[in-house]
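A.B. asks: Test case, fold it:
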Amino acid sequence: MRTLWPIEKAVLDATAQDYPAYADSLLQQIERAQVTSFENTGAGFFSTVSVPSDVPRLPDKSPLDGAHGSVDGVEDAMGFIVFIEDGRLALIEGYSQAIESTVEINFATVEFDLRPFGAGYA
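C.D. replies: Reported below is the predicted structural model:
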């Protein structure tokens, strides 16, 4: 297991901004989240997340709109979705919004500029 990379944390922080009714619980889960597996699919990524059982649960509304924005190495924007299972963060999905490979992108260190979906595409 590892801590969240900056891009994963930014996705979750943006999600908390778009869901103010659960922001406190979500922020507590983000603080304690660990990534148990990561896969760069070539069209984005999947980060499987584990959260301890002693943090407040979230409503099982899933998926949540995560974020969107620019990621170095992807000409068009990327989008991000957050999945909840049994009231806990479970998965972050990042997807390229064009037919571009993400295979060469190191998501651990990549530069990015993400915004909550609620912030629009300005």
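A.B. asks: residue ranges of the helices in the chain, please?
C.D. replies: Under the criterion DSSP state H, the chain contains helices at 6-18, 23-32.
A.B. asks: And the longest one, what's buried?
C.D. replies: So that's helix 6-18. Within helix 6-18, the residues scored as buried using 16 or more other Cβ atoms under 10 Å are 7-8, 10-16, 18. From N, CA and C alone the C-beta is placed, and that goes for glycine too.
A.B. asks: what's the closest of those to residue 72?
C.D. replies: Using Cβ to Cβ, residue 7 comes nearest to residue 72 of the buried residues of helix 6-18, at 10.4 Å.
A.B. asks: Any idea which of the helices of the chain gets closest to residue 97?
C.D. replies: Ranking the helices of the chain by distance to residue 97, with Cβ to Cβ as the measure, places helix 6-18 first at 14.7 Å.
A.B. asks: Please name every helix or strand in contact with that closest one.
C.D. replies: In this structure, helix 6-18 packs against helix 23-32, strand 64-71, strand 74-85, strand 88-96, strand 112-115, with contacts taken as 3 or more Cβ pairs under 8 Å, 6 or more residues apart in numbering; DSSP states H and E.
A.B. asks: so which of these comes closest to residue 49?
C.D. replies: Here strand 88-96 is closest among the helices and strands packed on helix 6-18 (Cβ to Cβ), at 4.6 Å.
A.B. asks: Describe which strands that closest one pairs with in its sheet and in which direction.
C.D. replies: Sheet pairing for strand 88-96, assigned by DSSP bridges, gives strand 44-50 (antiparallel), strand 74-85 (antiparallel).
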